[in-house]
Each structure stands twice: as structure tokens, then as C-alpha cells.
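show me how the following folds:
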Amino acid sequence: MKTSKLTAALGINMLLLLILATNVQSTSVISTTHDPATPTAGLNVTFYATVENENISQVTLWIEECSKTICRLPKEVAMTSTGDSSYATTYKLRKDSTYFRYKIVAQVDGEDVETEVYNITVNPYQNNGTSGGESQKTPGFEVALAVTTLAMVAFIVRKRS
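The predicted structure is shown next:
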């Protein structure tokens, strides 16, 4: 009875060690920032990442934009090396974005290492002091003046005939 309990305990320990060994991540650390800190919809956001490792083969920005009603499919954008294990990329937000989620994924020694997912609130789209859509220019006083003038000219021409 003791040998079967001992065998079971050893089996469980081996299984736990195997699980722990397969879940060991690389010791790489990724730090990330974005500029501007509070982005505006429709404008560019620049993302920066620093990966503390020498064997980096690729760094990618993963971004998911959301509007008031829907989240778009995530996009992956390759980041460009700026030297000294630093990377950067620029991404243009949609005009209807209200927030976005992003993370940085680096391929180090053939394994993916990623940051946590960051949720960023976006300022509403600005278009010449108005929010959203096309320009808000509408006909005003000039059109009313032109219509009144045409009506008066038509009335005078009709009266003379």
C-alpha cells in the first residue's frame, strides 16, 4: 500500500514539474509607452517599446479599436527598430474610435513574449471645432439675401412687362 501511494505521489510531482517546465517564459521584459498620452480619434498615435534581450527577431503592435457600438478586429503592425533594443511604430486611429486596447508582442529566441493589454480612452474626433462628420458649414445669411434679391428682380421685371 505504501509503494502505491509513493508511486502516485512521485507521478504527481513529475507531472507538476513537467507542467512548470513547459510554462517557463523567457526572462525578457518589455516596456512600452505611447504618444500622445491621451490620443484623439482620427489622429496618429506613436507606440514605443524597449525589449530587454539580445535575441529579438520581431516586435509587433497588437491593437483593437472600439467605437460606441462595436470593436473592430485586432490588427498587428510590425514595429521598426530604432536601435538599442528600442522599437517604434505609428498607427492612425479611426474617426469613430472611443477607446482602444493594445499590447506589444516580441519574438525572442523563437518564443512570443508579450506585455499586458492596455486600455486607452480616446478623445472624440475634432473637425474645425466641431465633433465628427464632415464640415458643418451650412448656407446662412448670404443665401437668404441672394434669394430675396432674385425675387425682387423677378417682381420688378414682371411689373414692367
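
alpha carbons only for contacts and neighbour counts from here, please
Noted.

for stretch 69-88, what is the distance to the chain centroid?
From the chain centre to the centre of stretch 69-88 is a distance of 8 Å (C-alpha atoms, centre = their mean, to the nearest Å).

shouldn't residue 34 be in contact with residue 48?
Yes. Assessed by C-alpha atoms under 8 Å, residue 34 is found in contact with residue 48 at 6.0 Å.

so these two - more neighbours on which side?
residue 48 (21 against 16; other C-alpha atoms under 10 Å).

element containing the nearest residue to the more buried one once chain neighbours are set aside?
Nearest residue to residue 48, sequence neighbours excluded (C-alpha to C-alpha, 6 or more residues apart in numbering): residue 88, at 4.5 Å. Using DSSP states H and E, residue 88 sits within strand 86-92.

partners of that strand, with directions?
strand 44-51 (antiparallel), strand 80-83 (antiparallel) (DSSP bridges).

list the buried residues for stretch 97-117?
Residues of stretch 97-117 classed as buried by neighbour count (16 or more other C-alpha atoms under 10 Å): 97-108, 113-114.

now do the SS call for the residue sitting nearest the centre point of the chain.
What sits nearest the mean C-alpha location of the chain, by C-alpha atoms, centre = their mean, is residue 63, with 4.1 Å. Secondary structure for residue 63, judged by DSSP: H, G, I helix; E, B strand; the rest coil, is strand.
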